[in-house]
Each structure stands twice: as structure tokens, then as C-alpha cells.
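> Fold the following, please.
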Amino acid sequence: MSKKMKSNILLLLTAFIWGSAFVAQKSGMDYIEPFTYNGIRTFIGGLVLIPVIIFFAKRNNKQSGVNEKVFDFQRDRIAIIGGVCCGIALFVASSLQQFGVSYTTAGKAGFITTLYVVFVPIISLLLRKRVRPIMWVCVALGAVGLYLLCMTDASFRLQFGDMLVLLCAVAFAIHIMVIDYFSPKADGVKISCVQFLVSGAMGIVCMFIFETPDMGNILACWLPILYAGVLSCGVAYTLQVVAQADADPTAASLILCLESVFAVISGAILLHESMSPRELLGCAVIFAAVIISNLPEKKALPDSQN
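The predicted model follows:
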């Protein structure tokens, strides 16, 4: 099996874990409140990444022959600052998603969340960055898909849960922009570890302020929490980092788009959720918008010299 094939399989597994995590989020709401669930699972995700950082650091030391510390505050200062900024953005996005998924289906939440891909160029335009013309086609398709998926009558009003998840998609787009700023300047795994710990700590603080955590309910919710914390945050992120080392970036982004498809399939199988033909058409249109947004831009061919 070629390296590229192995990478694609790992990316497909990553998309499956992330997609099915929407079911874990939905199931978790049967036991505990949103801040409790989010705080504990993201903090666990940060803890899971610590041994991953140690592993990669030791491997790099062995390959380079240099014995550097795993963590160095001066060297990793940008990773820490970036992780804190990303953690704040992640806390806002994941909180909106967790509250939203309480009022909508896992499948719809999965597809609406993927609209962050469409919101990124809009935010880029506000920051006076260049936006490909095809992205406006994606914005239009995303709007049509959102209408078909969420507008169940002629009132042109989003349901409360769908609105929260849509705001979550905007917040995730901002989160992507923050990552885009810091990731070239520091170690990506360390940024992710810090962001999970910061987001988790903020969630736990809000848990004690706004909710009434019950240890019995938390223990009863151990499977959804561990699935989202260990697999979705820790394992899936590590698989993505390892896989993208040998994968084509365009192919990788397209495979990861299947996250929304797996969300619908997992919701149907495990939670017995169903969608009307209209809603399925909306999913298809949103999926098309996400796929088109990930297609590479055609480069102009150089003029032939006579």
C-alpha cells in the first residue's frame, strides 16, 4: 500500500471520528449540561495531546541528534500565545455548537457547521484579503442549502438550534483565521494542546458559575465525554497531522469534508434521526458548496513564445 493511500485512509478515519462526534455531543446532553460537557471533554483532549507532543519531540531529537526540552517557555512563547487566542475562539465556537445541538439533530448540526468553509472568505474580504471569485458561488450555494435544510416553512426564520449552530460556524471561521495567523509561526500540535486546555478551563469555570454539575451524571456520561475528548480531540487531530505529511492538500481537504456525511449517517444509525427529501437536498447543496470551495484554483498557463 502506497504512502498516499495510507494517508487517505487515515484522513477518512479522521472524518469519521469527527462526524460521529456529533452523536456523542447529542447523547451527552441527555446526562449533563453544555458547559460541563464541553469543558471536561476539551480539557481531556488537551491532556491527551501532551504524550503526543512528547513523542514527536523525542523523535525529532533522535533524528536531529539535538537534545532539546519538550517544553521551553521562551522558545514556545508564540505557541502559548497562539494557543490561548485559539482556545478562546474554540470555546465560543464549541459552546455555541453544544447549545445548538441540544435543539437540532446531529446530522443538521454537522452540515451547518461545515459552512465555516464558506464564511472564511467572507471574513478574509473584511480583512482586505484576496478572495477567489468562485467563493461567491459557494456562498450562494451555502445560503440555498441552508434554506432547504433549515427553513421548514415560508417564514424565513431559522430554528433556535440551527441559528446557534450557524453562529458556531461563523465562530469556527474566526477560529480558522486565528490558526492561520499563528500556525506558520509555531508548532501546530503545541498550539492545539494549549487551545484545548484553555477552552476546557474556560468551560469548567462556566460550568461552576452557570450550571450545577453532578458527579453521578458526569460518570454516567463517560462514554460520550471520552469519545469526544480522546478520539475527537486527541486521536483524530494526531491522525490528521500524521496523514497530511504524505497527503495531497486538496485531496486531504476534500476527504475531511466527509465529516458532515458521517454526521448524518451516524445520527441515522445510532440516534434514529431522519431527514425529509427537502432536508437531504439541502445537505447535498451545502456539501457541493464545501467541495467547490476546496477545489484548487486554476493557474494561468504561460503565454507560448514564438
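> all helices for this protein, in order.
Using DSSP state H, the helices of the chain run over 3-28, 34-64, 77-101, 106-113, 116-126, 134-150, 160-182, 188-210, 215-220, 222-226, 236-243, 249-256, 259-270, 277-294.
> can you put those helices in CSV and add mean neighbour count?
The way it works is simple: take the backbone N, C-alpha and C, and place the C-beta from them, glycine included. Shown next, in CSV, are these (neighbours: other Cβ atoms under 10 Å):
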stretch, mean neighbour count
helix 3-28, 21
helix 34-64, 19
helix 77-101, 22
helix 106-113, 28
helix 116-126, 18
helix 134-150, 19
helix 160-182, 19
helix 188-210, 21
helix 215-220, 12
helix 222-226, 17
helix 236-243, 21
helix 249-256, 17
helix 259-270, 21
helix 277-294, 19
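> Include distance to residue 70 when you put these into CSV, please.
Below are the helices of the chain laid out as CSV (distance: least, Cβ to Cβ, whole Å):
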stretch, distance to residue 70
helix 3-28, 24
helix 34-64, 4
helix 77-101, 12
helix 106-113, 33
helix 116-126, 32
helix 134-150, 40
helix 160-182, 19
helix 188-210, 9
helix 215-220, 31
helix 222-226, 25
helix 236-243, 16
helix 249-256, 27
helix 259-270, 31
helix 277-294, 34
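> lowest-confidence stretch among these?
Note on these: helix 249-256 shows the lowest mean pLDDT, a mean of 67.
> The nearest residue to residue 289 once chain neighbours are set aside and residue 100, how far apart?
Leaving aside its sequence neighbours, residue 289 sits nearest to residue 141 (Cβ to Cβ, 6 or more residues apart in numbering; 3.7 Å). Separation of residue 141 from residue 100 (Cβ to Cβ, to the nearest Å) stands at 22 Å.
> Number of residues surrounding residue 129?
By the criterion of other Cβ atoms under 10 Å, residue 129 has 11 neighbours.
> Tell me the spacing between it and residue 184.
Separation of residue 129 from residue 184 (Cβ to Cβ) stands at 15 Å.
> again with residue 140
Residue 140 is 31 Å from residue 184, where distance means Cβ to Cβ.
> My guess is residue 201 contacts residue 43. True?
Yes: using Cβ atoms under 8 Å, residue 201 is in contact with residue 43, at 6.6 Å.
> Leaving out the residues flanking it, which one is nearest to residue 232?
Excluding its sequence neighbours, the residue lying closest to residue 232 (Cβ to Cβ, 6+ apart) is residue 21, at 4.0 Å.
> Confirm for me that the one you found is in contact with residue 229.
No: in terms of Cβ under 8 Å, residue 21 does not count as a neighbour of residue 229; the distance is 9.8 Å.
> Residue 237: what's its closest spatial neighbour, skipping adjacent residues?
Nearest residue to residue 237, sequence neighbours excluded (Cβ to Cβ, 6+ apart): residue 192, at 5.8 Å.
> ok, the one you found - contacts?
Applying Cβ atoms under 8 Å, 6 or more residues apart in numbering to residue 192 gives the contacts 49, 83, 86, 237.
> do the same with residue 90
Applying Cβ under 8 Å, 6+ apart to residue 90 gives the contacts 42, 175, 195, 196, 198, 199.
> Just confirm the second one contacts residue 86, I think it does.
Yep, that's residue 175 we're talking about. Yes: contact criterion Cβ under 8 Å: residue 175 and residue 86 qualify, at 6.4 Å.
> Only the C-alpha atoms, please, for stretch 222-230, written as PDB.
Taking Å, rounded to 0.1, in the frame of the first residue of the first chain, the C-alpha atoms of stretch 222-230 are listed here in PDB:
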ATOM      1  CA  TRP A 222     -18.300   8.800  30.500                       C
ATOM      2  CA  LEU A 223     -18.500   7.200  27.000                       C
ATOM      3  CA  PRO A 224     -19.600  10.400  25.100                       C
ATOM      4  CA  ILE A 225     -17.100  12.500  27.000                       C
ATOM      5  CA  LEU A 226     -14.200  10.200  26.400                       C
ATOM      6  CA  TYR A 227     -15.200   9.700  22.700                       C
ATOM      7  CA  ALA A 228     -15.300  13.400  22.100                       C
ATOM      8  CA  GLY A 229     -12.200  14.100  24.300                       C
ATOM      9  CA  VAL A 230      -9.800  11.300  23.500                       C
END
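> So the closest residue to residue 170 other than its chain neighbours versus residue 288, what's the distance?
Leaving aside its chain neighbours, residue 170 sits nearest to residue 119 (5.4 Å; criterion: Cβ to Cβ, 6+ apart). Computed as Cβ to Cβ, the residue 119 to residue 288 distance reads 16 Å.
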